[in-house]
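J.: just coords:
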């Protein structure tokens, strides 16, 4: 199981919590990056069949970098804490691992995006996040990919 919640805080900050069902990792992200958009794009890539994708939550200093490795219908999720002066995973510390199906990952991501959109709307998101728009296209793509994935699984 993998779950991720994402909440916009005061101007330019967000908090996120990744969980494997038993353990969790709290993360923060400043507006300097496009954390929510990067998350959505990484999952979209995984849904499209990419064997590995990544996304990061910058934490000033350091970052939480998440690697999604897809093997058939299973996705292994590994969250690393990388210190400010370390630029690669070999120097990162694994802080959470989880496994889920491709469909479960899509559902988690869609629900996370939907909650942010329902809470703030596209305009409110832009006002709080300043440099980045809500990842509307990625959200739509994920909805369609999830529908296709679910239909294909039912057909088999």
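T.: Thanks, I have it. Since the structure is predicted, the reported quantities are computational estimates derived from the model, not experimental observations.

J.: after the top helix by length along the chain, which helix or strand is next?
T.: Ranked by residue count under DSSP state H, the longest helix found in the chain is helix 102-129. Remark: after helix 102-129, the chain's next helix or strand is helix 136-155, criterion DSSP states H and E.

J.: return the residues in contact with the residue most central in space within the chain.
T.: In the chain, the residue lying closest to the centroid (C-alpha atoms, centre = their mean) is residue 39, at 3.1 Å. With contact set as C-beta atoms under 8 Å, 6 or more residues apart in numbering, residue 39 has these partners: 4, 6, 55, 66, 109, 112. Placement of C-beta: from N, CA and C, glycine included.

J.: tilt between the longest helix of the chain and helix 136-155?
T.: 170 degrees (axes from the mean of the first three to the mean of the last three C-alpha atoms, to 10 degrees).

J.: now do the buried residues in helix 102-129.
T.: 102, 104-110, 112-113, 116-117, 120, 125, 128-129 (16 or more other C-beta atoms under 10 Å).

J.: go through the contacts of residue 39 and name the one nearest residue 149.
T.: For the contacts of residue 39, the residue nearest residue 149 by C-beta to C-beta is residue 109; the value is 12.3 Å.

J.: wasn't residue 6 part of a helix?
T.: No: per DSSP: H, G, I helix; E, B strand; the rest coil, residue 6 lies outside any helix segment and is strand.

J.: setting aside sequence neighbours, what's the nearest residue to it?
T.: residue 16 (4.8 Å; C-beta to C-beta, 6 or more residues apart in numbering).

J.: now swap in residue 132 and tell me
T.: Of all residues not flanking residue 132 in the chain, residue 34 sits nearest, at 4.4 Å (C-beta to C-beta, 6+ apart).

J.: for residue 141, give me its contacts.
T.: residue 44.

J.: you'd agree residue 67 is up against residue 78?
T.: Yes: applying C-beta atoms under 8 Å, one finds residue 67 in contact with residue 78, separated by 4.8 Å.

J.: pretty sure residue 102 contacts residue 48?
T.: No: counting by C-beta under 8 Å, residue 102 stays clear of residue 48, with 10.2 Å between them.
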